[in-house]
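Peer 1: predicted coordinates and the sequence they were generated for:
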Protein chains: 2
Amino acid sequence: MKFSFSRRIQNTPKSFIREILKVTENPDVISFAGGLPNPSLIDTEGIEKAASKVIKSDGRCALQYSTTEGYPPLREYIAERYNKRYGLNVSADEILITNGSQQCLDLAGKIFINKGDSILMEKPGYLGAIQAFSMFEPEFFSVPLEDDGPDTESLSEIISEESPVFFYGIPNSQNPTGITYSDEKRKDVAEILSEAEVPFIEDDAYGELQFDGKVKKPVKYYMPESGVITGSFSKIFSPGMRLGWICADEEILEKVITAKQASDLHSNYLSQRILYKYLEDNDIDAHIKKINSEYKRRADTMIKAIEAGLPPEISFTRPEGGMFVWLRFPDSMSSMDIFEKVSERDVVILPGTPFYVNGDGARTARLNFSNADEDEIRTGISVLSEVIKELYY
Amino acid sequence: MKFSFSRRIQNTPKSFIREILKVTENPDVISFAGGLPNPSLIDTEGIEKAASKVIKSDGRCALQYSTTEGYPPLREYIAERYNKRYGLNVSADEILITNGSQQCLDLAGKIFINKGDSILMEKPGYLGAIQAFSMFEPEFFSVPLEDDGPDTESLSEIISEESPVFFYGIPNSQNPTGITYSDEKRKDVAEILSEAEVPFIEDDAYGELQFDGKVKKPVKYYMPESGVITGSFSKIFSPGMRLGWICADEEILEKVITAKQASDLHSNYLSQRILYKYLEDNDIDAHIKKINSEYKRRADTMIKAIEAGLPPEISFTRPEGGMFVWLRFPDSMSSMDIFEKVSERDVVILPGTPFYVNGDGARTARLNFSNADEDEIRTGISVLSEVIKELYY
């Protein structure tokens, strides 16, 4: 039988990353391609204790259907942390718990995008967001990222020409580039968006992964009403438990609740309860500090290896948080060719094209430093450097 | 600021059930309105043991990111159970694990519905499906349900006139009516749909909740290629863990995988692992038998109370499975008026209008029998009967 599929799904290509990640299942492969937290930093013992306590003390409730918004004390915790850490002024009523922060993008698409609407992203931008928003058939526009955030001139221009329904970006340790917006850029972005009445979808998946522990005010701080901020417990607790959240003005959140209920009724309630018990019984700040110190060491190792091994024509970012380093090759090089050659030697990098909405990026690549250990990082970069020399020198 | 929301979300009303369920949080209220499994039938002890084992033995893996399709042994288990129980011939490659079976409807909408496409449901039909599909802005059509399944004449007619992109239905213990399709109707439906090349989305949430343990072949059995069947562990394991699945031909499943990845990357992996460990260590068939025997007793109690208390002009279904009895009032009565009056006396029923795509159903109501205990069922139906007598006699 010939099936008749929707346009949205016909036009969504198979994820390149999915294909790559299949290769990296081989344990002999050194992978810089994924975005996995380091498994040694998942507190399995603490989580086991929390799970056991929750099910033993209140299992019938924790295993039953629950509300669409999520577990109230967990929502309260998130709101309070925002207010303390970021100086926001939000309440638990402005928080909804999602299946990881990827679901926030699906929900944002559902409530904001009509087919053919313009939406604005960073260039390069998070490929999972491109996939999520594609389901709602928008026109994609993207604003170039400079070292300290979006090119604001270009931002103003696109906004006035295309009237996007929102701007989506990652101000802290952006995926894929690792770039963090400066305070000034945050203010400028908020000003431009507020004036044009364009909401900002502020993906803050890496907000807690800041190596020096210092915190910048989120863009939402400068545009509280129309800033929608999303967060994730995947990087500091457990990715497999798929727990994220979306925080927005109550008028927006009401629509998010309707979309969430239509999508899957509510997020895994047992996992919400386990997470909250874990937060009660453990010092999450100490745990985050430990993660940051480990990731900083790995990032430093990668940067040092790149400085020592790669030719100076290749530029790269120096992330102060998150999980990624971004490479820019000169015109003479091709990241796909390099990808293919290093893959043959069991090292996998991620060519940058999937992070562009217009097919650009053929001379860029993303390297993940959180998953591999330091020896693997040194070996992998040395293979990369040898391959580039073989190919181009 | 005036937010500009998508048409789909502007046109989706706040869920009436959500509003009702708020009332039922009061423990003094006898609720027939929801669709909650009985909490006493959740095996908290078994689940606690399974959770502890999984995290202790393989926590770093179980708590990490995982594949979009789901945990392979769990997919294998589901495929094998289908083949053994239903005589299907499916493999694990045709199964994807979802966040409860509600998510299957979101994914089906994503892969099949373009704005303005016709889709076909039962009349009355599951309101969660109406909500899920609404996100993709279809034109809704519905085929009347007779006591043994859809009116096939009407089905043929609508299909030839409207060319729907799929027919969605619940052949086992339908929500809201409790009706089960006869074997003959299943064959007829499959024949009509196959000939017209219209896929069937077969929601089998209640397939395991058959009181006498007997099994009818699913419609997919008669149209293997274009039958999409969805299932749920919510009714036999735990609703709070949000675990369901979708089973479809690989060509369809490939699109489902893309849609699922865009939606939330993958389902809660820890919960999948706990479920599978539970299935390994426990006799799920014995557990299901126990649930069915409890629910049968409650259903019988409700039917007996209805027969004894309600005037004979009110007709009702006699479910042999599932969770619901469906009431049809005569023209002189209004389910909203009855709803309001019984609510004042702390008994909540669910008026039937939300189960109709065209505003019908003003003289219908759904009663849930799985959540309340037998005394509550007797008391609640007696209040309902008194209210009806006060209002109309």
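Peer 2: Done, it's in.

Peer 1: immediately after whichever helix or strand residue A:158 is part of, which helix or strand?
Peer 2: Assessed by DSSP states H and E, residue A:158 sits inside helix A:152-162. Scanning forward in sequence from helix A:152-162 by DSSP H and E, the next helix or strand is strand A:167-169.

Peer 1: now residue A:43. Nearest residue, chain neighbours left out?
Peer 2: What sits nearest to residue A:43 in space, not counting adjacent residues and going by Cβ to Cβ, 6 or more residues apart in numbering or on different chains, is residue A:287, at 6.3 Å. For the C-beta atoms, the positions are set from N, CA and C on the backbone; glycine is no exception.

Peer 1: and the one you found, that one's in a helix?
Peer 2: Yes: assessed with DSSP: H, G, I helix; E, B strand; the rest coil, residue A:287 lies in a helix.

Peer 1: buried residues in the helix holding residue A:158?
Peer 2: Residues A:152, A:155-156, A:158-159 are the ones in helix A:152-162 that count as buried (16 or more other Cβ atoms under 10 Å in any protein chain shown).

Peer 1: tell me the one of those nearest residue B:30?
Peer 2: residue A:159 (54.9 Å; Cβ to Cβ).

Peer 1: pretty sure the closest one contacts residue A:192?
Peer 2: Yes: counting by Cβ atoms under 8 Å, residue A:192 is a contact partner of residue A:159 at 6.6 Å.

Peer 1: mutual contacts of the two, please.
Peer 2: Counting by Cβ atoms under 8 Å, 6 or more residues apart in numbering or on different chains, no residue touches both residue A:159 and residue A:192.

Peer 1: if we can go back for a sec, how distant is the helix holding residue A:158 from the center of its chain?
Peer 2: 24 Å (Cα atoms, centre = their mean, to the nearest Å).

Peer 1: next one: stretch A:16-34
Peer 2: 19 Å.

Peer 1: show the average pLDDT along that stretch.
Peer 2: Stretch A:16-34 carries an average pLDDT of 81.

Peer 1: the helix or strand of chain A with the lowest mean pLDDT near chain B anywhere?
Peer 2: Lowest by mean pLDDT, DSSP states H and E among the helices and strands of chain A is helix A:16-23, with a mean of 72. Yes: residues of helix A:16-23 are located near chain B by Cβ under 8 Å from any Cβ of the partner chain, namely residue A:18.

Peer 1: give me the residues contacting that helix.
Peer 2: Contact with helix A:16-23 is made by A:29, A:33-34, A:127, A:343, A:348, A:350-351, A:353-354, B:68, B:261, as judged by Cβ under 8 Å, 6+ apart.

Peer 1: just the strands in the stretch 1-150 of chain A please.
Peer 2: For the stretch 1-150 of chain A, the strands defined by DSSP state E, counting those that start in this stretch cover A:30-31, A:95-99, A:118-123, A:139-146, A:149-150.

Peer 1: most tightly packed of the ones you listed?
Peer 2: Most buried of the strands of the stretch 1-150 of chain A, by mean neighbour count (mean count of other Cβ atoms under 10 Å in any protein chain shown): strand A:95-99, with a mean of 27.

Peer 1: output it as CSV, nothing but the C-alphas.
Peer 2: The C-alpha coordinates for strand A:95-99 follow below in CSV (Å, rounded to 0.1, in the frame of the first residue of the first chain):
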residue,chain,number,x,y,z
ILE,A,95,6.4,26.5,35.3
LEU,A,96,5.3,23.4,33.5
ILE,A,97,7.3,20.1,33.7
THR,A,98,8.2,18.6,30.3
ASN,A,99,9.8,15.4,28.9
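
Peer 1: partner strands of that strand, with direction?
Peer 2: strand A:243-247 (antiparallel) (DSSP bridges).

Peer 1: which residues are in contact with the partner strand?
Peer 2: Contact partners of strand A:243-247, identified using Cβ under 8 Å, 6+ apart, comprise A:70, A:75, A:78-79, A:82, A:90, A:94-104, A:107-108, A:205, A:220, A:228-234, A:237, A:253, A:256, A:267-268, A:271-272, A:275.
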